[in-house]
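J.: Next comes the sequence, and after it the predicted model I'd like to discuss.
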Amino acid sequence: MPVDIESRSSALDPDGMPVEELVVNVGPSHPSTHGVGRVVVHLDGDVVVRADPVIGYLHRGIEKMAENRTYLQVVPLTDRLDYVGSMYANWAYCRAVERLAGIRVPERAEYLRVIVCELQRIASHMMGLGAAAADTGAFTFFVYAFDQRERVVELFEELCGARLTYNYVRPGGVSYDAPEGWTDAVLGFVASLRASLPEMDKLFFGNTITRSRTKGIGVLSAEDAVAWGASGPVARASGVNWDLRKHDPYSVYPRMDFDIVVGENGDSYDRGRCRLFECYESCRILEQAIAQMGGGPVKAEGLARLIAPPPGDAYDHIESARGSLGVYLVSDGSVRPYRMHVRSPAFCNLALLGRLAVGHTLSDLVVIMGSLDPVFGEIDR
Amino acid sequence: MSALLERIAEHNPRLYPLFSLEFGDAVVGVERDELLATMTELKDAGFDRLGMVTAVDRGEAFVVVYRLQSRSLSAAIFVKTLVARSDASIPSVFGIWPAADWQEREVYDLFGIVFEGHPDLRRILLPEEFVGHPLRRDYDDERLIRRPDYI
């Protein structure tokens, strides 16, 4: 449980000894900051009094770069946003372009998008859980999680040739149809993942050390989650039933039968476990999508290479592994976006770190940061 | 919800007709002086989530864009406000939705729009000593790579 800072400062000072606040700089190059995040931590003893995240070390100005590229040339830039979940930014951007230019996407392409994004969710959650586990010393779980992630990455490599930055979802469809036997390989992966998830759950979340390190650490109330704009597993772990796949359904998700994983306590344990259980739901969606997917084209017919949407603006969003990922596009009628803005879920979730860490120890801050699953490519843009 | 939009229209006769319903979400234009009152009203009407804050440089003025979401109403709404380039400031909505904290800092950082009443308005993505606001269309820097004019 977090320490009450006010009472502690006076309790620490029984003999009238001056208690100095210690400022510790964590990052930007530090293994537990999941990239190039930096946190300036003010400590009283080993208890965090104040934590200031400092971001921007990975700021490449992607929103500015997009203003100087054609609509198609922006897609590879979106790969570099959330680099452990490139498919999401691809898709969110393409949805905004399609909305702006009135492009209709063939049904098979929509199914392929759902399949790659659910696979991506598994890969991203495995990466997030594995990295958070490694922070607490659970290296065995890290290897188990990375094994599963590697299998997804191999499936993507077979699909589009890339392992990290896919450039797969394009305005009007996807770049390639699935190769022969690919959907069977996906089903094989789903079966093997389903078989190993209970073991992984027991290995990590059943572990006494994990439980004592994560339970009651960094508790986020449901009211705070909504007020501070948290989304994805971070909000759902606090009991906020909010998932765009259900509450603002897009693509072919209305045809899928799946549940939303909601936690109770909003602590680091629930946030992590929500991610693990979402992998089960992704498995269900994958099986249904592959069963429902029919034949047909995977790209919109007769789409010009230079898209020039009518003047106006459009916003569209999808549920990424980190939460509501939105892209706001403004067109002035030319072949380049006048303005592109990415509403990044990781950015809004990380804004909570300073609030969640107060009263916990420095080592708990690392756990809380891992449970927020930040990806700095998307935060800094 | 339509009664709510009508009330907003009454208070903002100049801006309201500027924007209409587009792409499924309701869009309302609000005068800068009316912003806080309108936002409070929208929050009370059930828009409990501030999804996005951003800005667009339109030359003479900036358009500050807010996207609000409501779980109870199952609706989303865009609020747009014009801010003159010569007087680039707007009231902060931090007091209504704390989610505005970092997002307003980002708009301040990249556009130079001052959010009055924001508790901690500092640059967020760029270093403190950075000069200029790069997402303004007239931003220039000798280090920028020029776009070749092949299309």
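T.: Noted; the coordinates are in hand. Everything numeric in this text was worked out from a predicted model, so none of it was measured.

J.: any idea how far chain B is from the closest residue to A:Cys279 other than its chain neighbours?
T.: With CB to CB, 6 or more residues apart in numbering or on different chains as the criterion, A:Cys279 has its nearest non-adjacent residue at 5.1 Å, and that residue is A:Ile122. C-beta coordinates here come from the backbone N, C-alpha and C atoms, glycine included. A:Ile122 is 26 Å from chain B, where distance means CB to the nearest CB, to the nearest Å.

J.: now do A:Ala162
T.: From A:Ala162 to chain B the distance is 25 Å (CB to the nearest CB).

J.: show me where chain B has strands.
T.: B:26-29, B:49-57, B:61-70, B:75-84, B:89-91, B:114-116 (DSSP state E).

J.: how about JSON lines for the ones you listed, with mean pLDDT, distance to A:Val174 and mean neighbour count added?
T.: Shown next, in JSON lines, are the strands of chain B (pLDDT from 0 to 100; distance: least, CB to CB, whole Å; neighbours: other CB atoms under 10 Å in any protein chain shown):
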{"stretch": "strand B:26-29", "mean pLDDT": "76", "distance to A:Val174": "31", "mean neighbour count": "20"}
{"stretch": "strand B:49-57", "mean pLDDT": "89", "distance to A:Val174": "27", "mean neighbour count": "25"}
{"stretch": "strand B:61-70", "mean pLDDT": "88", "distance to A:Val174": "27", "mean neighbour count": "22"}
{"stretch": "strand B:75-84", "mean pLDDT": "84", "distance to A:Val174": "27", "mean neighbour count": "20"}
{"stretch": "strand B:89-91", "mean pLDDT": "91", "distance to A:Val174": "40", "mean neighbour count": "18"}
{"stretch": "strand B:114-116", "mean pLDDT": "91", "distance to A:Val174": "40", "mean neighbour count": "16"}
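
J.: Select, out of these, the one closest to A:Glu21.
T.: In terms of CB to CB, the element of the strands of chain B nearest to A:Glu21 is strand B:114-116, at 29.1 Å.

J.: Quick check: neighbours of the closest one in the sheet, parallel or antiparallel?
T.: The strands beside strand B:114-116 in its sheet (DSSP bridges) come out as strand B:89-91 (parallel).

J.: Quickly find the element holding A:Val24.
T.: Using DSSP states H and E, A:Val24 falls within strand A:22-26.

J.: what comes up buried for that strand?
T.: Going by neighbour count (16 or more other CB atoms under 10 Å in any protein chain shown), the buried part of strand A:22-26 is A:Val26.

J.: returning to what we had before: now the strands of chain B in JSON lines, with distance to A:Asp52?
T.: Converted to JSON lines, those look like this (distance: least, CB to CB, whole Å):
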{"stretch": "strand B:26-29", "distance to A:Asp52": "35"}
{"stretch": "strand B:49-57", "distance to A:Asp52": "21"}
{"stretch": "strand B:61-70", "distance to A:Asp52": "26"}
{"stretch": "strand B:75-84", "distance to A:Asp52": "28"}
{"stretch": "strand B:89-91", "distance to A:Asp52": "25"}
{"stretch": "strand B:114-116", "distance to A:Asp52": "19"}
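
J.: For the residue most central in space within chain B, name its beta-bridge partners.
T.: The centroid of chain B falls nearest to B:Val64 when counting by CA atoms, centre = their mean (2.6 Å). Judged by DSSP bridges, the bridge partners of B:Val64 are B:Ala55, B:Thr81.

J.: Surely it and B:Glu104 touch.
T.: No: in this structure B:Val64 lies outside contact range of B:Glu104 using CB atoms under 8 Å: 9.4 Å.

J.: Need the residues touching each of the two.
T.: B:Val53 (CB atoms under 8 Å, 6 or more residues apart in numbering or on different chains).

J.: Now do the buried residues in the longest helix that chain B contains.
T.: Using DSSP state H to define each element, chain B has its longest helix at helix B:100-111. Across helix B:100-111, burial judged by 16+ other CB under 10 Å covers B:100-111.

J.: packing partners for that helix?
T.: Contact analysis of helix B:100-111 by 3 or more CB pairs under 8 Å, 6 or more residues apart in numbering or on different chains; DSSP states H and E lists helix A:345-350, strand B:49-57, strand B:114-116 as its packing neighbours.

J.: quick one, it and strand B:61-70 angle?
T.: 160 degrees (axes from the mean of the first three to the mean of the last three CA atoms, to 10 degrees).

J.: I would like the residues contacting helix B:100-111, please.
T.: Contacts of helix B:100-111 (CB under 8 Å, 6+ apart): A:63, A:228-229, A:347-348, A:351, B:50, B:52-55, B:57, B:62, B:64, B:88, B:92-94, B:113-115, B:118-126, B:133-136.

J.: number of nearby residues for the residue of chain B found nearest chain A?
T.: Per CB to the nearest CB, B:Ala99 is where chain B lies closest to chain A, at 3.0 Å. Neighbour count of B:Ala99, defined by other CB atoms under 10 Å in any protein chain shown: 23.
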